[in-house]
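**Q** What would the 3D arrangement of this be:
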Amino acid sequence: MIECRTSWDQPLHVFPKIRNELSICLNNIDAINGKVMSPKSSAVGVVSDASDSGFGGYFVQCGLVLVSGVWSHEEMGTSSTFREILAVKFVQCFLW
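**A** The predicted structure is shown next:
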């Protein structure tokens, strides 16, 4: 199917035959593969914080497994908002 929407916010028309095949795959992928592809629930609690010099954080479900690090000189030059988002990314990468 060639994408012809002018905006990501516009609905995407999916033909019934394609919708049916996608539904079959989604509902049977674990059985076809012989293992679970992804957990059924993806709700995760991440706590993180970023400062001018580094970051720290942990997953709520993991208890006392803490992650921390120091920013590179390049990262220190970024905005505080960017460092907050980067902190979440680093905590997720370390614990997953």
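**Q** Next up, the contacts around the residue lying closest to residue 76 once chain neighbours are set aside.
**A** The spatially closest residue to residue 76, leaving aside those adjacent along the chain, is residue 52, at 6.6 Å (C-beta to C-beta, 6 or more residues apart in numbering). Using the backbone N, CA and C atoms, a C-beta is placed for each residue, glycine as well. Contact analysis of residue 52 by C-beta atoms under 8 Å, 6 or more residues apart in numbering lists 71, 76, 80.
**Q** Give me the pLDDT for residue 52.
**A** pLDDT recorded at residue 52 is 92.
**Q** Just the element for it, please.
**A** Of the helices and strands defined by DSSP states H and E, none includes residue 52.
**Q** going on from the longest helix belonging to the chain, what's the next piece of helix or strand?
**A** Secondary structure assigned by DSSP state H gives helix 16-33 as the longest helix of the chain. Following helix 16-33 in sequence order, the next helix or strand is strand 46-50 (DSSP H and E).
**Q** Tell me which residues of that following strand come out buried.
**A** Of all the residues in strand 46-50, those buried under the rule 16 or more other C-beta atoms under 10 Å are 46, 48, 50.
**Q** Put the alpha carbons of the longest helix of the chain into PDB.
**A** Below are the C-alpha coordinates for helix 16-33, written out as PDB (Å, rounded to 0.1, in the frame of the first residue of the first chain):
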ATOM      1  CA  PRO A  16     -10.600  -5.600   5.100                       C
ATOM      2  CA  LYS A  17      -8.400  -8.400   3.700                       C
ATOM      3  CA  ILE A  18      -5.200  -6.700   5.100                       C
ATOM      4  CA  ARG A  19      -6.900  -6.000   8.400                       C
ATOM      5  CA  ASN A  20      -7.900  -9.700   8.700                       C
ATOM      6  CA  GLU A  21      -4.300 -10.900   7.900                       C
ATOM      7  CA  LEU A  22      -2.800  -8.500  10.400                       C
ATOM      8  CA  SER A  23      -5.300  -9.700  13.000                       C
ATOM      9  CA  ILE A  24      -4.400 -13.400  12.400                       C
ATOM     10  CA  CYS A  25      -0.700 -12.600  12.700                       C
ATOM     11  CA  LEU A  26      -1.200 -10.600  15.900                       C
ATOM     12  CA  ASN A  27      -3.300 -13.200  17.500                       C
ATOM     13  CA  ASN A  28      -1.100 -16.200  16.500                       C
ATOM     14  CA  ILE A  29       2.500 -14.900  16.400                       C
ATOM     15  CA  ASP A  30       3.500 -16.400  19.800                       C
ATOM     16  CA  ALA A  31       2.200 -19.900  18.700                       C
ATOM     17  CA  ILE A  32       3.900 -19.600  15.300                       C
ATOM     18  CA  ASN A  33       7.200 -18.600  16.800                       C
END
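**Q** Perfect, that will be all.
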